[in-house]
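Novice: Sequence first, then the predicted structure, then my questions.
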Amino acid sequence: METFILILCILAAVLVSSFISRFIPRISTPLVQIALGAVMALLPIFPRMRLDPELFMVLFIAPLLYYEAHTINKVELLKGLRSSLSLAIGLAALTMIMVGVILHAAWPMFPLAAAMALGAALGPTDAVAVSSLGESADLTPDEHSILAGESLFNDATGVIGFQFAILATVTGSFSLPRALGEFLLEFVGGIGFGLIMGFVVNWLFESARRLGWETTTTRILLELFLPFLIYMVGQNILHVSGVLAVVSTGLLVRFDHTGVGPNTSKANIVSSSVWKVLSFSLNGAVFVLLGMLLPAAMGTSWRDRRVSNWMLVATITLVCLTVIVLRFLWTASVLIFTKDHETGSRRRITSKLLRSAAVMTFGGPKGTITLSLALTIPYMTDDGSAFPMRSELIFVAAGVIIVTLVLANFALPLLAPSQSSEVPAQQVEKSIKVLRGTVRELSSRITDENRLAIQHVIKQYNHRIAKLKSRIGQYSPKDFQDLQVQTMEWEQDYMEERLSRIEEAQDQLEERLKSKDASIEQAPASAQPATEAEPSTEAETVADRDADAQLIDQRSERGDDQDELLNLRSQEQAARRILSTISGSLFHLDRGGELRWRAYTARRRLRGLLHSQFHRLKHLTQPIDKDRVFVAGRHLQAEMNHFLIEKLYSELGKGRFKTEDLLNTIINHQMIESSAEGKTEYAGMPAVRDQVEEAKREGYAIELGQIQDMVESGEISRTTARKMRRNVYVMQVDADSAL
């Protein structure tokens, strides 16, 4: 129960640190977590904690190194592999030797072998700290890949060197050939075992996927189980470096490259989410544990009156200077002798090179692995005597950890200020290019049957393009607002002109009706039937019949004209309502407080209102049925919509408005036109919904093809392509979930 409470306390500290870091962004999250761990260790309410180094390595370091190796940019890692191995092996060995020699020379009370054990523990950089602190600084791809590669491989060097130094101190004997042989066996054996396991895992999952046995659950569980299994088998059964075995497997496995499809995409997304949560929790727990261990590790020596506290501080200072100076000189030499990727020649010593060397110097802080190794220093030697200066060595290791972490926190942002708040414009432009290519390809696939569905999908792509352009300052909502205003002005002009024609036709029809009414009133006087007193002749009878027929025709035409006049009056009322709505919308648009715009729209509104009142006084009529007005309004809106589509198409290529804005507006009006004509009720037509989902899937497939084409042509890197593909995978899964 005590262990369970301790785990809950650590996870709570990790959660609290994520909130605290938001309020103090200048202090990196690892330092906040270390401080919280130290507070927990000093308060009596929290359980005491003892660190088992072997359990720590398998529980924390193995999964974190596996995830780091699996997600690292393999291309960049290969480019800087020689530099990374140089730091991981050469610098770690040199640090072990120089720290031991200098510390022993300055204070002979530290035996040479024991001092070299401290140097070996200080050799590894903390992979967790490197990845965490790298977020607060803008490291170049070369710097990041070299530091990440070093942190993946140098743990084995430090652990093996530490074991031999401790063995020499405890037994009093040391064999260099034997040490080198065992080092090569563990180093090469660990890498070999990891590579074999990588091939086995790849074959296993490719076979399972081909046979249809793979599920998201089995995939995630095996991936989580894999680093623990490989580490324990390599370290405890094969007696090779479990760390290197885990790293090699992580570099080789390719869960997310063995197939592309909805199921694979879903598994990739779930895997990524699970690992992000696990990685954050384990990262935070590592630093909280470090903070909990530091007070006890440093307190014993600080309270020991036999050792001067000033001497301890001086020792930490000397060791820190040794580690930092050695690292700077080594990294600068590596950069000088490494050929430039662009020119192919060796780099010259410039301020930029020295800055890069300084970045990689402070970007390699020491962490929990160093302290966990120091805590494994035995209490006794083989002859029964106490291990020399054990507490002091642990104190110095803890002090160096704190100093290097603090320097990394404050020096890295100064040397390489973070640009994380700025969106990489070039990457966004590549994404826009992919989306535009997808829109072009989708447009070429439009038919009469799928027109509405593909237009709906193209509209979504145009929205995505607009969002991306706004992130890099190429798109302003004001541009779209200007187009909206212009569209409404076109609507207003069209409807005013249409209303004018309706009124003109109405006036002409009323005049015609008046003339017909006059002729009908005169018709009975000239077409009276003959009386009995005066019998009519045959000619007169024929004339009367013709007059009656003419009168019937006039009355029929008058009825048709009255129906037409009613239609015109319905159209007139509908047009005025539409005009009133447009004018009101234009008047209330926010144009940045432009008085001229307000005055202009108010004047047009007032003119339309006066014209309407004058027309009503001139033509006093009975009120018209609302249904007739509604039907007339639908027809007028359809006509206006068709006019706007043609007008918007004519604007393409003129440069007045953004292409994406024009296309979005055109598609909106086309969908309105289809709806007004009764062609679609999207929510109620399963066939249309199916067409939309099919068009979405076509779009995602086209996107993936566009991304692959850009990778093959060298326009984007594989890392960028992987990020872009992941976005497509997310949308694929979302589309499949909607089904």
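Specialist: Received the coordinates, thanks. As the structure is a computational prediction, the values presented were derived from the model and not from experiment.
Novice: contacts and neighbour counts: CA atoms only from here.
Specialist: Noted.
Novice: Go ahead and confirm Ile645 touches Asn664.
Specialist: No: with contact taken as C-alpha atoms under 8 Å, Ile645 and Asn664 are classed as non-touching, separated by 11.1 Å.
Novice: Spatially nearest residue to Met96, not counting backbone neighbours?
Specialist: Gly119 (3.8 Å; C-alpha to C-alpha, 6 or more residues apart in numbering).
Novice: for Pro365, helix, strand, or coil?
Specialist: coil (DSSP: H, G, I helix; E, B strand; the rest coil).
Novice: Return the per-residue confidence for it.
Specialist: Listed pLDDT for Pro365 reads 84.
Novice: I'd like the distance from stretch 216-225 to the chain centre, please.
Specialist: 24 Å (C-alpha atoms, centre = their mean, to the nearest Å).
Novice: ok, now stretch 153-169?
Specialist: Distance, centroid of stretch 153-169 to centroid of chain: 41 Å (C-alpha atoms, centre = their mean).
Novice: how about Phe46, secondary structure?
Specialist: Criterion first, three-state DSSP; result for Phe46: coil.
Novice: Which of the helices or strands spans the residue lying closest to it once chain neighbours are set aside?
Specialist: Nearest non-adjacent residue to Phe46, counting by C-alpha to C-alpha, 6+ apart: Met40, 6.1 Å away. Using DSSP states H and E, Met40 sits within helix 29-42.
Novice: Give me the helices and strands touching the helix or strand just after that helix, please.
Specialist: Counting by DSSP H and E, the next helix or strand C-terminal to helix 29-42 is helix 53-56. With contacts taken as 3 or more C-alpha pairs under 8 Å, 6 or more residues apart in numbering; DSSP states H and E, helix 53-56 sits against helix 368-375.
Novice: can you list the weak-confidence ranges in the stretch 601-739 of the chain?
Specialist: Flagging of the stretch 601-739 of the chain using pLDDT under 70 yields the residue ranges 601-624, 653, 660, 668-688, 718-719, 730, 732-739.
Novice: now the helices for it?
Specialist: Applying DSSP state H, counting those that start in this stretch to the stretch 601-739 of the chain gives helices spanning 626-651, 659-676, 686-712, 718-738.
Novice: Centre of the chain to the longest one, how far?
Specialist: Just to be clear, that refers to helix 686-712. Worked out by C-alpha atoms, centre = their mean, helix 686-712 lies 19 Å from the chain centre.
Novice: Just the buried positions in that helix, please.
Specialist: By 16 or more other C-alpha atoms under 10 Å, the buried positions in helix 686-712 come out as 688-689, 691-704, 706-708, 710-711.
Novice: Redo the helices of the stretch 601-739 of the chain as a markdown table? Include distance to Leu185.
Specialist: Listed next are the helices of the stretch 601-739 of the chain as a markdown table, based on distance: least, C-alpha to C-alpha, whole Å:
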| stretch | distance to Leu185 |
| --- | --- |
| helix 626-651 | 72 |
| helix 659-676 | 61 |
| helix 686-712 | 39 |
| helix 718-738 | 34 |
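Novice: Could you report the neighbour count for Leu393?
Specialist: Counted with other C-alpha atoms under 10 Å, residues neighbouring Leu393 total 25.
Novice: Quickly note the distance from the nearest residue to it once chain neighbours are set aside to Phe164.
Specialist: Spatial nearest neighbour of Leu393, excluding adjacent residues (C-alpha to C-alpha, 6+ apart): Leu118 at 6.6 Å. Using C-alpha to C-alpha, to the nearest Å, one obtains 12 Å as the distance from Leu118 to Phe164.
Novice: out of the two, which sits in the more crowded spot?
Specialist: Leu118 (32 against 24).
Novice: In PDB, list the C-alpha atoms belonging to the helix or strand where that one lies.
Specialist: Per DSSP H and E, Leu118 falls inside helix 112-121. Taking Å, rounded to 0.1, in the frame of the first residue of the first chain, the C-alpha atoms of helix 112-121 are listed here in PDB:
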ATOM      1  CA  LEU A 112      41.800   7.100  -8.700                       C
ATOM      2  CA  ALA A 113      39.500   4.200  -9.500                       C
ATOM      3  CA  ALA A 114      36.700   5.700  -7.400                       C
ATOM      4  CA  ALA A 115      37.100   9.000  -9.000                       C
ATOM      5  CA  MET A 116      37.000   7.300 -12.400                       C
ATOM      6  CA  ALA A 117      33.700   5.700 -11.400                       C
ATOM      7  CA  LEU A 118      32.300   9.100 -10.800                       C
ATOM      8  CA  GLY A 119      33.600  10.200 -14.200                       C
ATOM      9  CA  ALA A 120      31.900   7.200 -15.800                       C
ATOM     10  CA  ALA A 121      28.600   8.000 -14.100                       C
END
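Novice: got the angle for that helix vs helix 368-375?
Specialist: 160 degrees (axes from the mean of the first three to the mean of the last three C-alpha atoms, to 10 degrees).
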